[in-house]
Structure formats: C-alpha cells, structure tokens
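> Okay, sequence plus prediction incoming.
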Amino acid sequence: MVKIEDLKRINLFKNSPDHLLDIISREAQLSIFNTGTQLITINEKVGALYMLIMGQVAVIRQLTPDIDVILDYVQSGASFGISSIIQGATATYTAICQEPCEVITLSGQKMIELFENNHELAYVVMKDVSRQYKRYMDIRADMILKTIGKERDLKDKVYNIKYLSF
Amino acid sequence: MVEKDLLKTIVFLQDLPEPMLEKISLNTQIQMFKSQTVLFEKNQALKQLYMLASGVVHLTIRTASGENLILDKVTPGRTFGIAALMKESSTSFSAMCAEDSSIITFSSEKIHQLFVEDFKMGHKLMSHIVKLFKDRMERHTSQFLHYLAMHPEIKKLQENSF
C-alpha cells in the first residue's frame, strides 16, 4: 500500500479523484531498484505498471545488432509499462534503471480485474493513459519529421508515417 | 441524429452493443463538406470527433522547411480528430477534404457527457483508443528506427565500426 499523496506525484493520476486513488493506493507497492535493473524486456509480457518517484529509467530499442537507441529517459512523475494493463499486450521496448530508482508498482493483472468491477476507475485511468500516449506519439512524430527533415531520399517515404486515423 | 446502420460502418464503433450505439446515434450528426474544405488546423483544440462516411480526407503537417506532407489519406469508415476525446489536448496535424465528403461528427462535450453518464461505455471506448494508440505508437517507433537506420550519419557510424 502507498499513500494517496504519493500517487498524486504521478502525472498519470494528477486528475484522478481521491475515491479512485484510494482504491489504487491499496493495490500499489513502493519498491527500490538498483542501477542496471531491467524492469521491462522487449516482446515479453509486462507484469506491472511502473510509476517513477525518484531516479531515471532508460527506454531502449535496438537499431542494429551493434547500436541501441535510447528513445526516452523516464523521469520522476512519469509512468511506463502501460502494456501491463492491456489484456494480451507485450512490451515494445526494454526499460533499464540508469540510477537507483524509487518506483510505485501496480500489478497489471490486478488492475485489469479492478477495471472489470469498477468502470469509473477504468474510464478515468484509460482516459489519462490515452492522453499520455498522445503526448508520446506527438514527440515520436516530431522525431520522425526531424530525422527525415533534410533528407530527400527519406522524405519520399513519408507516406509510411500514416495511420493517424483509425 | 445518425442512423445506427451508418454508425456500424465506422470501424471504431463496430464492437459496440446496440444500446450504446443508440446513445451515440442520438448525439451525432452527418455533415457534407466540399473538396478542399479545411476541417481543422494543427494545434487547434478540437470540438468534435470526425468519422468519415464517404469521400477522402488528408491529414497533413507542415515541415520546418514549409512543405506540406500528407501523413494519412483517410478513407470511409475511419475516425480522426481523436484529440476531441482528450480535454485540453490539441491536434498535431491539419485535416482537409481531398474530395466532397460526408462526415459524421460527434461533439466533444457530448462525448464526455455520455462517458460520465455511462462509465461502461467510456471504459470500452477509451480502452479501444489505448490499444489503437499503443499500436500506432509502435508503428511510429518502428518508422523512426527505420528512418534512423537509413540516415547517412548512422550509415557512416556503421561503416566505421567495421
């Protein structure tokens, strides 16, 4: 169990009402992870939703067998491991602690069970998760545009960015 | 009001049970737009969600060098302007009709009202959006890595490592 005040330090829950935070706080745990701890492994099932209180976590993808790309540094207040609360989803990146990290964890399976019994909780969390995804997608789209910005050969392939609609 | 049968042609709404479709039907309307009509501009706060019934809509972005790039060609059955579902969120691209188009519009205010009145519907549709966003995020990441791997600087780095 963690305090509601700790959950309010997490961006994902900043707009959530206290009666829902109370439910979440009962399922949450506070953990400390050492530098180098791999919390999430690409293509594997993610067991928990992680919310960083203190420290820094790198979000990594392999570009070539010799080059890894750090897509993002997760900072305090941010969440990762959203796949854990999506039925059947697996990780699309590897996440490694870059320094000792204080993290709130929430069992993904437990959250999915709570969502089935409390649609208000599910709606509020999913709404905030979708807002977070949108922010990340906008950043990623900017990264693509910057990468292709000056390269004519790459620009010709810009149609591949598609699927903004669904 | 939009007929339920037309709503069922929209991919985003296809899994919804009849009672939920009924509520959406009462709160949506169909509008006709001429070719070249700009539906919204980048960074605009959206007041409605758009579902294309017929025609074609282009989603575009302007690059730093001032060029207009078409990011997506929306075809009938598809939904866009999802920022309307997220309060305080603005769109990251512009939308323009590439042909005369008929579009089902769903007011952002009505959507939020419906979701709060029926959390089950809100949960279902928001979960759907999260899954779609997750897939789209993964495609964006793969595309970014693909472009990055083709970038001359990276190619040089790879050549130097041999």
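Looks like it came in fine.
> which strands and helices sit next to the helix or strand bottoming out on mean pLDDT in chain B?
Within chain B, no helix or strand scores below helix B:152-161, which has a mean of 76 by mean pLDDT, DSSP states H and E. Under the contact criterion of 3 or more C-beta pairs under 8 Å, 6 or more residues apart in numbering or on different chains; DSSP states H and E, helix B:152-161 touches strand A:67-74. C-beta coordinates here come from the backbone N, C-alpha and C atoms, glycine included.
> So for the strand it packs on, what gets flagged as buried?
A:69, A:71-72, A:74 (16 or more other C-beta atoms under 10 Å in any protein chain shown).
> Now do the most centrally placed residue in chain A against chain B, distance only.
Geometric centre of chain A, nearest residue: A:Phe80, 2.2 Å, by C-alpha atoms, centre = their mean. Between A:Phe80 and chain B the computed distance is 12 Å (C-beta to the nearest C-beta, to the nearest Å).
> ok now do that residue, which residues does it touch?
A:Phe80 is in contact with A:39-40, A:50, A:52, A:57, A:59, A:74, A:95, counting by C-beta atoms under 8 Å, 6 or more residues apart in numbering or on different chains.
> ditto for A:Val2
A:25, A:28-30, A:104.
> And the helices in chain A?
In chain A, the segments counted as helices under DSSP state H are A:4-7, A:18-27, A:108-117, A:119-148, A:152-155.
> starting at the chain centroid, how far to the third one?
It refers to helix A:108-117. Helix A:108-117 sits 17 Å away from the centroid of its parent chain (C-alpha atoms, centre = their mean, to the nearest Å).
> show me where pLDDT drops low in chain A?
Counting by pLDDT under 70, chain A shows low-confidence ranges at A:148-166.
> List the buried residues in stretch B:15-23.
Result for stretch B:15-23 [16+ other C-beta under 10 Å]: buried residues B:16, B:20-21.
> And those, which is closest to chain A?
Distance to chain A across the buried residues of stretch B:15-23 (C-beta to the nearest C-beta) is lowest for B:Met20, with 12.4 Å.
> from the chain's centre, how far out does the least confident helix or strand of chain B sit?
Its chain's average C-alpha position is 37 Å from that of helix B:152-161, according to C-alpha atoms, centre = their mean.
> Skipping adjacent residues, who's closest to B:Gln14 in space?
B:Lys8 (6.4 Å; C-beta to C-beta, 6 or more residues apart in numbering or on different chains).
> now do A:Gly108
Spatial nearest neighbour of A:Gly108, chain neighbours left out: A:Ser84 (2.7 Å); criterion: C-beta to C-beta, 6+ apart.
> So for stretch B:42-49, first residue to last residue, what's the gap.
With C-alpha to C-alpha, to the nearest Å as the measure, stretch B:42-49 spans 15 Å from end to end.
> do that stretch and chain A meet?
No. Applying C-beta under 8 Å from any C-beta of the partner chain, one finds stretch B:42-49 separated from chain A by no less than 10.5 Å.
> where along chain B do the helices fall?
With DSSP H as the criterion, chain B has helices at B:4-7, B:18-26, B:108-117, B:119-150, B:152-161.
> Cool, thanks, talk later.
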